[in-house]
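J.: sequence first, predicted coordinates after that:
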Amino acid sequence: ACVDVSHQTLIGIKLFDWDRTGDHDPLGRATVEISSVTKNGEIDTWLTLEQAKHGLIHLRLTWFTLSAEKNDLKAALEETQLLRVTSMSTALLTVFIDSAKNLPQARQQSQPDPYMILSVGKKTEQTSVQMRTDAPVWEQGFTFLVGNPDNDTLQLKILDQKTGTNIGHLTYILSTLMEKKNLEVVSQPFQLQKSGPETKIIMSMSLRILKRGRGSADDAASEKGSESGIGSGESVLSRTSSVKAAPTTVTDSTSSEASSSALRKQESRKSASSAIIDQMSIQEEPFVLSTLNTVMMATPPRSPNLSENGSELLRRSPSTTSSAGAAGLGRIQLTIAHSIQRQRLLVIVHKIANIPLKDPTNIPDPYVKLYLLPGRTADSKRKTNVVKDNCNPVFDATFEYIMSPAELINSELEVTVCTQKGFFGSPIIGRQKIILNDPEITCGQGISGWYDLLPELKNE
């Protein structure tokens with residue numbers, strides 16, 4: 001994709017179930033902030049699907065800069081060949097159509113209504129229509145991603161809108177542009193084919209080679225001798241399979257079998273869920289989470305280094321607890337944060353500790369339900385998987401809600417821990433309500449901590 005402005009720009013991904021009848025069913029969507037890619041140069045990550053009950057999508061993204069050096073084309077072509085796909089691009093072509101002159105008439109005793117169609121590969125662009133003139137002035141610019149400048153061509157044709165007649169065309173071989181100074185031509189006349197010797201178009205063209213960008217994270221990794229893989233020189237876009245293990249608590253889908261090279265690169269991630277948890281630096285010791293923008297934009301899993309900017313750190317919380325809570329029903333560990341930019345509330349259900357065991361023959365099968373209050377609508381329901389026969393279940397399940405800052409003001413998150421077997425005659429083990437109008441949540445920093453499970457009230 002061509003990105004003009006990287007700051008506060010998002011990539012949207014929509015996933016569909018293809019249907020032969022054409023009525024494709026949506027399976028979910030995901031969003032990535034461009035700045036997270038430009039910062040790191042490249043990322044390889046799992047994203048939680050939005051507008052879906054569960055599921056993850058595996059993405060590899062690389063940021064490319066534009067180079068006017070012809071020699072950079074070789075490296076770009078080698079990388080696309082390693083990927084063994086034909087849809088990748090190695091260059092960006094910018095075309096500025098200024099004007100045309102002395103166009104032939106498409107109708108007797110009438111000036112044409114010309115417009116131009118430009119195409120490179122499968123992409124086609126079109127200028128506006130200029131009415132009743134043989135010397136149209138368009139002054140419009142277009143960009144095209146180019147697979148291989150040595151082989152591709154730019155096709156131009158001018159049509160009369162009223163009759164559809166082709167009144168001139170031009171085929172420009174892009175390898176010719178590779179021989180020009182700085183890989184560009186500026187305001188040059190080009191003669192149209194089969195339109196007469198006086199028919200010309202005036203245009204400018206610039207070809208830029210896509211060169212792998214080096215993000216700020218790469219520079220830092222190089223200076224520190226990081227072994228994380230970013231900045232190591234090995235291409236994240238090398239043709240590797242997805243991680244082998246399937247996500248355990250967020251999705252039921254299976255991943256493709258990983259190749260040995262993929263396992264070497266991704267051996268620390270045994271599942272998509274663990275990738276998320278690694279990213280958030282959950283350790284036996286107190287853990288620290290990055291700002292929500294980093295968490296929700298799904299930058300690559302990193303080592304658990306503390307941020308130099310203390311204001312960007314979440315509230316610290318130990319990953320274990322020995323207490324059963326004030327009511328003796330156990331405690332639940334949660335992370336809650338909000339991204340103003342993405343209008344998303346993120347909730348991570350980490351684990352539950354010390355659920356009381358009243359009957360050794362009836363060990364609970366706990367799971368967690370989430371609702372937004374007021375209302376407790378079905379649309380706001382989120383649910384973890386069930387963990388069988390366990391008083392200290394670990395979920396590490398991530399959920400999202402589309403919420404604006406204004407909606408947080410009067411909202412609460414209801415967290416209910418239940419068991420499939422029934423607990424003291426009720427499936428509800430305990431419950432907690434969390435006010436979302438918390439400055440640490442609304443400011444995008446987020447909170448993470450242990451919450452006591454409280455008994456269910458009769459009027460609830």
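T.: Right, received. Where do you want to start? Numbers count the residues shown, from 1 in each chain.

J.: in this protein, which ranges drop under the pLDDT threshold?
T.: Within the chain, the segments meeting pLDDT under 70 span 1, 3-8, 84-86, 214-322, 422-426, 444, 458-460.

J.: if we use 50, what do you get?
T.: 216-317, 423-424 (pLDDT under 50).

J.: and it, split by domain according to the record?
T.: In terms of domains, the chain is parsed into 10-61+222-253, 91-211, 292-452 (source: automatic domain parsing).

J.: turn those into TSV, columns for distance to residue 67 and mean neighbour count.
T.: In short, each C-beta sits where N, CA and C put it, glycine included. Shown next, in TSV, are the domains of the chain (distance: least, Cβ to Cβ, whole Å; neighbours: other Cβ atoms under 10 Å):
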stretch	distance to residue 67	mean neighbour count
domain 10-61+222-253	15	17
domain 91-211	4	17
domain 292-452	25	18
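
J.: quick one: closest of those to residue 68.
T.: Nearest to residue 68, of all the domains of the chain, is domain 91-211, at 5.0 Å by Cβ to Cβ.

J.: hmm, back to that, now the domains of the chain in TSV, with distance to residue 70?
T.: TSV is the format used below for the domains of the chain (distance: least, Cβ to Cβ, whole Å):
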stretch	distance to residue 70
domain 10-61+222-253	21
domain 91-211	6
domain 292-452	32
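
J.: doesn't residue 440 fall inside a helix?
T.: Yes - counting by DSSP: H, G, I helix; E, B strand; the rest coil, residue 440 is part of a helix.

J.: the chain: helices as residue ranges?
T.: Using DSSP state H, the helices of the chain run over 34-40, 72-83, 174-178, 216-224, 260-266, 272-279, 292-296, 405-409, 439-442.

J.: packing partners of the last one?
T.: Counting contacts by 3 or more Cβ pairs under 8 Å, 6 or more residues apart in numbering; DSSP states H and E, helix 439-442 packs against strand 331-339, helix 405-409.

J.: reformat these as JSON lines; add distance to residue 102.
T.: JSON lines is the format used below for the helices and strands packed on helix 439-442 (distance: least, Cβ to Cβ, whole Å):
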{"stretch": "strand 331-339", "distance to residue 102": "56"}
{"stretch": "helix 405-409", "distance to residue 102": "59"}
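
J.: the nearest residue to residue 173 once chain neighbours are set aside and residue 175, how far apart?
T.: Nearest residue to residue 173 in three dimensions, chain neighbours excluded: residue 153, at 5.4 Å (Cβ to Cβ, 6 or more residues apart in numbering). Separation of residue 153 from residue 175 (Cβ to Cβ, to the nearest Å): 9 Å.

J.: just to revisit the earlier point, tell me which of the helices and strands packed on helix 439-442 lies nearest to residue 427.
T.: Of all those, it is strand 331-339 that lies closest to residue 427, at 16.1 Å by Cβ to Cβ.

J.: which neighbours does the closest one have in its sheet, and in what orientation?
T.: Strand 331-339 has its sheet partners listed here by DSSP bridges as strand 344-353 (antiparallel), strand 447-452 (antiparallel).

J.: from the chain's centre, how far out does the first one sit?
T.: I take that to be strand 344-353. Relative to the centre of its chain, strand 344-353 is centred 21 Å away, using Cα atoms, centre = their mean, to the nearest Å.

J.: before we move on, what about stretch 406-414?
T.: 26 Å.

J.: what's the end-to-end length of that stretch?
T.: This stretch, stretch 406-414, spans 18 Å end to end (Cα to Cα, to the nearest Å).

J.: with stretch 19-26 instead?
T.: Taking Cα to Cα, stretch 19-26 runs 11 Å from one end to the other.

J.: now do that stretch: everything it contacts.
T.: With contacts defined as Cβ atoms under 8 Å, 6 or more residues apart in numbering, stretch 19-26 is touched by 14, 15, 16, 17, 18, 51.

J.: tell me the two of those that are most distant?
T.: Across those, the longest distance by Cβ to Cβ is 17.9 Å; it joins 18 and 51.

J.: re earlier: so which of the helices and strands packed on helix 439-442 is nearest residue 417?
T.: strand 331-339 (6.3 Å).

J.: now the contacts of stretch 19-26 in CSV, with distance to residue 451?
T.: Shown next, in CSV, are these (distance: Cβ to Cβ, whole Å):
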residue, distance to residue 451
14, 35
15, 33
16, 38
17, 37
18, 43
51, 27
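
J.: I'd like to know which of those residues is nearest to residue 138.
T.: Checking those against residue 138 by Cβ to Cβ gives residue 14 as the nearest, at 33.2 Å.

J.: in contact with that closest one, which residues?
T.: Contact partners of residue 14, counting by Cβ under 8 Å, 6+ apart, are 26, 28, 29.

J.: mind checking how far it is from residue 57?
T.: Distance, residue 14 to residue 57, by Cβ to Cβ: 10 Å.

J.: which neighbours do those two have in common?
T.: Joint contacts of residue 14 and residue 57 (Cβ under 8 Å, 6+ apart) are residue 28.

J.: picking up where we left off before, tabulate the strands paired with strand 331-339 (CSV), appending distance to residue 400.
T.: As requested, the strands paired with strand 331-339 are arranged in CSV below (distance: least, Cβ to Cβ, whole Å):
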stretch, distance to residue 400
strand 344-353, 5
strand 447-452, 16
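
J.: specify the beta-bridge partners of residue 146.
T.: Note on residue 146: beta-bridge partners by DSSP bridges are residue 91.

J.: next one: it from residue 89, what distance?
T.: Per Cβ to Cβ, residue 146 is found 6 Å from residue 89.

J.: which one of the contacts of stretch 19-26 is nearest residue 45?
T.: Nearest to residue 45 among the contacts of stretch 19-26, counting by Cβ to Cβ, is residue 15 at 15.7 Å.

J.: would you confirm that that closest one contacts residue 57?
T.: Yes - using Cβ atoms under 8 Å, residue 15 makes contact with residue 57 at a distance of 6.5 Å.

J.: joint contacts of these two?
T.: By Cβ under 8 Å, 6+ apart, the residues touching both residue 15 and residue 57 are 28, 30, 49.

J.: what does residue 131 show for phi and psi?
T.: The phi and psi values for residue 131, taken as degrees, to the nearest 10, are phi -80, psi 130.

J.: contacting residues for it?
T.: The contact partners of residue 131, taken as Cβ under 8 Å, 6+ apart, are residue 113.

J.: gap between it and residue 103?
T.: Using Cβ to Cβ, one gets 13 Å for the distance from residue 131 to residue 103.

J.: ok, back up a step: for residue 326, which of the strands paired with strand 331-339 is the nearest?
T.: Relative to residue 326, the nearest member of the strands paired with strand 331-339 by Cβ to Cβ is strand 447-452, separated by 4.9 Å.
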